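# Show me the folded form of this:
(one chain, ligands or ions: 2)
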Amino acid sequence: MTVSELDSLPTVDEERPSRSMLFVPGSNAAWISTVHVYGADYVMFDLEDSVSLREKDTARLLVREAIASPIWRERSVAVRINAIDTPFFAADLDAVVSAGVSIVRLPMVRDAEMIRDLDAELTRLEEHYGIEPGRTRILAAVESASGVVNAVQIATASPRMWGIALAAYDYVMDMHTVHDAAVDESQLFYARCAILHAARVAKIHCYDVVFSEVNNIEGFLREVAVLKRLGFDGKSLVNPRQIEPLHRALAPTAGEVEHAHRVIVAAQEADRIGLGVVSLDGKMIDSPIIAAAQRTIRLARVSGVDPKAAR
Ligand SMILES: CC(C)(COP(=O)(O)OP(=O)(O)OC[C@H]1O[C@@H](n2cnc3c(N)ncnc32)[C@H](O)[C@@H]1OP(=O)(O)O)[C@@H](O)C(=O)NCCC(=O)NCCSC(=O)C[C@@](O)(CC(=O)O)C(=O)O
Ligand SMILES: [Mg+2]
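Ligands and ions are numbered 1, 2, ... in the order given. Coordinates of the predicted model:
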């Protein structure tokens, strides 16, 4: 895409929360039938690594039935299909598109060509099944050095791009290192920054890695603090017990919301008297500060932070 085409892209929908994306193994019928109760912003049925080779066909059928069922028909649901160079890719894509999936998560994305190939297949399948052209969006999972280095080209490869996610376990293997959040975060720092920049260039969502130690909530929250500081929109999750702590940690604090409201009031007052810049508590308030305050208020709204309690 050219720079001017990028400018015309819709920005990510900040009115709809996209903090959590919960993996659900596509072969687990019981979890598929109950997962809607946990309150994840997005549920992602998995046909890739959480499904054994023996279960690939059954999982594809289960997930297809689930997406087409009344519970999921009205909701935005994501499915992680198998990688584009596997024998399962074509059947996975056909099944989920025919059932009306909203977001296809493509794992192991190394370059923009893979996204363009997926885009072409989606166009063909949408036409075949009478689905509105362009309705099916793409979430690219970057899991290798090549993917990280090509992140901007991947994120801007198609107007269908909805998001980009970092997948740490395959990435650290490719990098000959390990992901041990208890030690430090330095192994992932470059990759996190690379995909974040790509997401912001393309104006799409950006998802952080899964945290596999489900009983280690303290470690999980340490990692969430890192992604919040860096500016991620959300995190891929493996367990429902991680949803509530993630949402709580990503919500603006009452103090942040209170400050944001004061910034907006100060900006309105400056505007009324014809000033472009004004001071609040001794700090300059200008357009980036106002935009940040507006974002905090939007985030508070989607996070369910009560503005009255925050004031
Ligand atoms: C982690 C654990 C074993 C823990 O088991 P536990 O037994 O301790 O679970 P509990 O907490 O006791 O469960 C409490 C209640 O929730 C139910 N429940 C649990 N998990 C649920 C769930 N996910 N969905 C719905 N329901 C669920 C359960 O049935 C129970 O219900 P109930 O009995 O009624 O109370 C389990 O969660 C699990 O298997 N997770 C999914 C793992 C998965 O999908 N891996 C693939 C994605 S990563 C990957 O591929 C790497 C990657 O590619 C990533 C990238 O691309 O980003 C890369 O390279 O980095
Ligand atoms: Mg992986």
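
# Would you verify that residue 164 is located in a helix?
No. Residue state for residue 164 (DSSP: H, G, I helix; E, B strand; the rest coil) corresponds to strand; a helix is not indicated.

# Centroid-nearest residue for this protein?
Geometric centre of the chain, nearest residue: residue 207, 4.0 Å, by C-alpha atoms, centre = their mean.

# Please verify my assumption that residue 43 contacts residue 80.
No. At 11.1 Å, residue 43 does not count as touching residue 80 under the criterion of C-beta atoms under 8 Å. Backbone N, C-alpha and C define where each C-beta goes, glycine included.

# Looking at the two, which one has more neighbours?
The neighbour count for residue 43 versus residue 80, taken as other C-beta atoms under 10 Å, is higher for residue 80 (30 against 22).

# And the more buried one, how far from ligand 1?
Applying C-beta to the nearest ligand atom, to the nearest Å, one obtains 7 Å for the distance of residue 80 from ligand 1.

# what pLDDT does that residue get?
At residue 80 the predicted local confidence, pLDDT, stands at 98.

# For it, which residues count as its bridge partners?
Each beta-bridge partner of residue 80 is listed here: residue 46, residue 105, as defined by DSSP bridges.

# I'd like to know how far it sits from ligand 2.
From residue 80 across to ligand 2, the span is 9 Å (C-beta to the ion, to the nearest Å).

# who's in contact with that residue?
Taking C-beta atoms under 8 Å, 6 or more residues apart in numbering as the definition of contact, the neighbours of residue 80 are 23, 44-48, 105-107, 141.

# rewinding a little: now the residue nearest to the centre of the chain, what's its secondary structure?
Judged by three-state DSSP, the three-state class of residue 207 is strand.

# who does it bridge with?
Beta bridges link residue 207 to residue 165, residue 234 when assigned by DSSP bridges.

# Surely it touches residue 21?
Yes. Taking C-beta under 8 Å as the contact criterion, residue 207 and residue 21 are neighbours in contact, 6.1 Å apart.

# For the one residue in the stretch 101-250 of the chain that gets nearest to ligand 2, pull up the helix or strand it's in.
For the stretch 101-250 of the chain, the residue closest to ligand 2 is residue 170, as judged by C-beta to the ion, at 3.9 Å. Taking DSSP states H and E as the definition, residue 170 sits inside helix 168-174.

# from the chain's centre, how far out does that helix sit?
Between the mean C-alpha location of helix 168-174 and the chain-wide mean there is a distance of 19 Å, by C-alpha atoms, centre = their mean, to the nearest Å.

# What are the buried residues along it?
Of the residues in helix 168-174, those scored as buried under the neighbour-count criterion (16 or more other C-beta atoms under 10 Å) are 168, 170-172.
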